[in-house]
Structures are given as structure tokens and as C-alpha cells.
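1. below is the sequence, then the predicted model.
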Amino acid sequence: MRIALIAHDKKKTELLDFVTKYKAFFREHILYATGTTGKRIIEEIGLSVHCFKSGPFGGDQEIGANVANGNMDMVIFFRDPLTAQPHEPDVSALLRLCDVYSVPLATNRMSAELFVS
């Protein structure tokens with residue numbers, strides 16, 4: 001599967017803990033991520049990740065384009081719902097595209113746990 005991994009700044013550590021816990025699962029799939037998240041997964045966990053731009057610089061839109069073009073099978077996006085994001089329209093567009101194209105989307109750890117178990 002082609003899996004996108006995204007996390008807002010305050011959720012990056014939580015996503016890294018999650019990916020570490022399920023490292024064997026993620027090793028079997030093709031991983032994509034927004035810039036900073038992907039870089040940290042590569043450096044701290046040692047998995048291979050194709051990195052797009054950072055979210056605020058178009059990374060969310062790049063992943064959304066891949067969803068729309070049928071090139072993404074799952075999106076795990078640990079969002080921070082309590083902090084305003086300067087690129088919130090991009091985030092909303094990505095979530096909408098996942099719904100339009102029926103791409104499974106986990107926006108928190110518990111839904112992500114269901115997807116990988």
C-alpha cells in the first residue's frame with residue numbers, strides 16, 4: 001500500500017511513537033510524508049520515506065493531488081485540532097479529497113490503530 005503520514009507540529013512526537021510501534025507494518029509499505037514529518041521518520045526510525053514539501057509550503061496539496069490521481073491508498077494525519085493552522089484551507093482540501101475518493105483517513109491515534117491492526 002501507498003501510505004501518507006502527516007502530523008502537525010504538536011502531534012509529530014505522537015506520530016513518531018505510533019510509527020515506531022508499528023515499524024514492522026510500515027516497513028512493508030511505500031511511505032510518503034510531508035517534509036518535516038518524513039525527515040524525522042527517516043532520521044529517527046530509519047524507514048524509507050518519499051518526502052513532499054512541508055505542509056504549509058504545499059505538502060498537504062501534493063498529497064491531495066496523489067489522492068485525487070489514485071496514487072495513495074491510506075492517509076494517516078495526526079491533526080492538532082486545538083491550534084489554528086496557517087494552511088487550514090489546504091488541510092480541509094486534503095480531508096475532502098480523501099472523502100471524495102474513498103481513501104481511508106485516520107486523523108488521530110485510535111483510528112490509525114484500527115487501520116494498522
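-> The structure has been received and is ready for your questions. Because the structure is a prediction, the values reported are computed rather than measured.

2. what separation do you get for Lys10 and Phe78?
-> 9 Å (CB to CB, to the nearest Å). Every C-beta, even on glycine, is put in place using the N, C-alpha and C of the backbone.

3. next: Gly58.
-> In terms of CB to CB, Gly58 sits 19 Å off from Phe78.

4. of those two, who's got more company?
-> Using other CB atoms under 10 Å, the more surrounded residue of Gly58 and Phe78 is Phe78, with 23 against 17.

5. beta partners of that one?
-> Beta bridges link Phe78 to Ala7, judged by DSSP bridges.

6. show me what contacts Met72?
-> Arg2, Ile3, Ala4, Tyr32, Ile63, Asn66, Val103 (CB atoms under 8 Å, 6 or more residues apart in numbering).

7. any chance of those residues in TSV, plus distance to Pro89, secondary structure and pLDDT?
-> TSV is the format used below for the contacts of Met72 (distance: CB to CB, whole Å; DSSP: H, G, I helix; E, B strand; the rest coil; pLDDT from 0 to 100):
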residue	distance to Pro89	secondary structure	pLDDT
Arg2	24	strand	98
Ile3	24	strand	98
Ala4	18	strand	98
Tyr32	21	strand	98
Ile63	15	helix	97
Asn66	18	helix	98
Val103	19	coil	98
